[in-house]
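Asker: model this:
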Amino acid sequence: MHRLSGMDAMFLYNEVPTQHMHTVKLAILDVPADYSFAEARRDFAARVHTVPPLRQRVVPTPFGLNHPLMIEDPDFDPALHFRRAALPHPGGRAELCDFISEVASRPLDRTGPLWELWMVEGLAGGQVACVMKVHHALADGVATADMLRRFLSKAPGQAPEPEDPPWQPEAVPSRGRRVWLAVRDLVPFLRSAVPALWHAVRAARRRRAEHAALVHGGHGFEAPDTSFNGLLTAQRRFSPSTIAFDEIVRVKDGLGGTVNDVVLAMVSGALRRYLLERGELPDRSLVATVPVSTRTPEQEGTFGNHVAALYVRLRTEVADPLVRYRAIQQESAASKRDFADAPGAQLADFLELMPPFVARWMFSRTTTWMKRAGRPSQANVIVSNVPGSREELYENRFPLSAFYSIGPVLEGVGLNITAWSYRDQLHFAVLSDRKMLPDPSVVNDLLRDALIELSKVADEARAASRADADGEDRDGA
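Answerer: Numbering: from 1, shown residues only. Now for the predicted structure:
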């Protein structure tokens, strides 16, 4: 039994009927003719012990006195979470996206472990899709990658790790004991946390003012309104796409910067064109919130969330793709410097200092209230880039041909774009609020167009660099 951290608990508090705080994973498996659902379920059950959060359930604290507890669920049965489905004919991309969109539109059941997994058959070509939904309170992107490592192997048919020591179910603490545990943990916490919280708030306000003036042109983190920045509905739409990783690296090598700079530039180009074609492009730049890992070496291999958010202007007001790319590089570097210069003043730091009953009230109500009151969103889009395995992985004896992951959309930020690298490919997943952006495949198409545009710019930069080098050689001769 353990108590959730402030950051993990926030993802529970944030969940309301229109804002589901789960992540969705899609793995495409190449299966032989003798594939069976029963075999896949047996193998999964044999490995689930390696990921403790999948056996544990949330136990709330009475009166919200403290963050919830996590206990080993005495009623845990993997078969209740491991499910079977089949796509209607013809089993193509559209049918799979419809299925995932429906799965993403329903909240997880809080009475048991916060996950479900579907083995989806009937795909064209004989493949099987593994669709897993996991609450964000259990794992961030890095923890998800570790979860995959425990379930998958680098060789077909590799046996799971032995269970040592065997896990033991725990009885649900009585209401009275939960109150006693909450008060016991809360008293020493408040004694040290309240003064520290006051100092952290003052430091964060100072840093925010400096950041607004120096980096964001005086607009702070206020993002301009777009059609995908309204109030959420409960319905989601999902779309995947795949790009060869070499294409991304080619742009990076031609223009400098990082893979993440290329991904942000692709998102910028795609959303600029999307809004321009609809006559909705704001004069001010769109803002992306970019999750970054804050895990220390001591936290490697643990679950839960060790993550913070950078806010990066996408410079969508800039028409020239090369100038826009250079500007995004500068914005990204400035946001990283600002993040590094503000230790102790990030959201995760506040959550560990904020009294639990205050955090619960704030994160279950404030965002929706602020949006309904007309306050602008802090960001227009969530953009994640998670490095996955460069080696081929297997689920039991079935090779994994593709992997996609997507986090939630948030009140006022109805679009999430996540890139996940696997082998020699970068897999993009787009999730949107159905009312704000009914067809996210349009964004995936525009991401490809933006990469083509960047590739041309990178080729021109390489050609100019070669011409300059040849000219210097001739002058030297």
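Asker: Low-confidence stretches in the stretch 51-200 of the chain?
Answerer: Scanning the stretch 51-200 of the chain for pLDDT under 70 picks out 164, 189-200.
Asker: So which residues of the stretch 51-200 of the chain form strands?
Answerer: Using DSSP state E, counting those that start in this stretch, the strands of the stretch 51-200 of the chain run over 56-59, 69-72, 82-86, 115-121, 128-135.
Asker: Each with direction, which strands does the last one pair with?
Answerer: Right, strand 128-135. As defined by DSSP bridges, the strand partners of strand 128-135 come to strand 22-29 (antiparallel), strand 115-121 (antiparallel).
Asker: For the strands of the stretch 51-200 of the chain, please prepare a markdown table with the additional fields mean neighbour count and distance to S455.
Answerer: (Each C-beta comes from the backbone N, C-alpha and C, glycine too.) Formatted as a markdown table, the strands of the stretch 51-200 of the chain follow (neighbours: other Cβ atoms under 10 Å; distance: least, Cβ to Cβ, whole Å):
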| stretch | mean neighbour count | distance to S455 |
| --- | --- | --- |
| strand 56-59 | 21 | 46 |
| strand 69-72 | 20 | 47 |
| strand 82-86 | 15 | 38 |
| strand 115-121 | 21 | 34 |
| strand 128-135 | 22 | 30 |
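Asker: For P166, which of the strands paired with strand 128-135 is the nearest?
Answerer: strand 115-121 (20.8 Å; Cβ to Cβ).
Asker: now the angle from the closest one to strand 82-86?
Answerer: Angle, strand 115-121 to strand 82-86, by axes from the mean of the first three to the mean of the last three Cα atoms, to 10 degrees: 30 degrees.
Asker: quick revisit: tabulate the strands of the stretch 51-200 of the chain (CSV), appending distance to A461.
Answerer: As requested, these are exported to CSV (distance: least, Cβ to Cβ, whole Å):
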stretch, distance to A461
strand 56-59, 51
strand 69-72, 51
strand 82-86, 47
strand 115-121, 43
strand 128-135, 39
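Asker: per-domain residue ranges of this protein.
Answerer: Per the record, the chain has its domains at 2-162+172-179, 190-476, by automatic domain parsing.
Asker: in the chain, which residue is closest to the centre?
Answerer: In the chain, the centroid-proximal residue (Cα atoms, centre = their mean) is G407; its distance is 3.8 Å.
Asker: And the helices in the stretch 1-150 of the chain?
Answerer: Applying DSSP state H, counting those that start in this stretch to the stretch 1-150 of the chain gives helices spanning 6-13, 37-47, 78-81, 93-104, 141-151.
Asker: so which of those helices is the most packed in?
Answerer: Most buried of these, by mean neighbour count (mean count of other Cβ atoms under 10 Å): helix 6-13, with a mean of 24.
Asker: hey, least reliable of the domains of the chain by pLDDT?
Answerer: Lowest mean pLDDT of the domains of the chain: domain 190-476, a mean of 85.
Asker: I'd like to know which elements the one helix or strand D445 maps to is packed against.
Answerer: Element membership of D445 [criterion: DSSP states H and E] is helix 441-476. Counting contacts by 3 or more Cβ pairs under 8 Å, 6 or more residues apart in numbering; DSSP states H and E, helix 441-476 packs against strand 236-244, helix 245-255, helix 259-277, helix 321-340, strand 415-422, strand 425-433.
Asker: Tell me which residues of the second one come out buried.
Answerer: So that's helix 245-255. Neighbour-count burial for helix 245-255 flags 245, 247-248, 250-252, 254-255 (criterion: 16 or more other Cβ atoms under 10 Å).
Asker: Including distance to F238, could those go into a markdown table?
Answerer: Below are the buried residues of helix 245-255 laid out as a markdown table (distance: Cβ to Cβ, whole Å):
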| residue | distance to F238 |
| --- | --- |
| F245 | 22 |
| E247 | 23 |
| I248 | 22 |
| R250 | 28 |
| V251 | 26 |
| K252 | 27 |
| G254 | 32 |
| L255 | 31 |
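Asker: Widest-spaced pair of the residues you listed?
Answerer: Farthest pair in the buried residues of helix 245-255 (Cβ to Cβ) is F245 and L255. Separation: 16.2 Å.
Asker: how close does L232 get to P188?
Answerer: Distance, L232 to P188, by Cβ to Cβ, to the nearest Å: 38 Å.
Asker: More neighbours: those two, which one.
Answerer: For L232 versus P188, neighbours defined as other Cβ atoms under 10 Å are more numerous around L232 (25 against 9).
Asker: who's in contact with that one?
Answerer: Listed by Cβ atoms under 8 Å, 6 or more residues apart in numbering, the contact partners of L232 are 18-19, 409-411, 414, 433.
Asker: 6 Å - rerun?
Answerer: When contacts are counted by Cβ atoms under 6 Å, 6 or more residues apart in numbering, L232 touches 18-19, 411, 433.
Asker: Give me the helices and strands touching whichever helix or strand A308 is part of, please.
Answerer: If you go by DSSP H and E, A308 is part of strand 307-313. Secondary-structure packing of strand 307-313 (3 or more Cβ pairs under 6 Å, 6 or more residues apart in numbering; DSSP states H and E): strand 287-293, helix 321-340.
Asker: what angle sits between the first one and helix 141-151?
Answerer: Going by the same axes, to 10 degrees, strand 287-293 is angled at 50 degrees with respect to helix 141-151.
Asker: residues making contact with strand 287-293?
Answerer: 142, 223, 307-314, 379-384.
Asker: Likewise for the last one?
Answerer: The list of residues contacting helix 321-340 from outside it, by Cβ under 6 Å, 6+ apart, reads 211, 215, 255, 257, 261, 264-265, 310, 312-313, 315, 318, 453, 457.
Asker: Cheers, nothing more for now.
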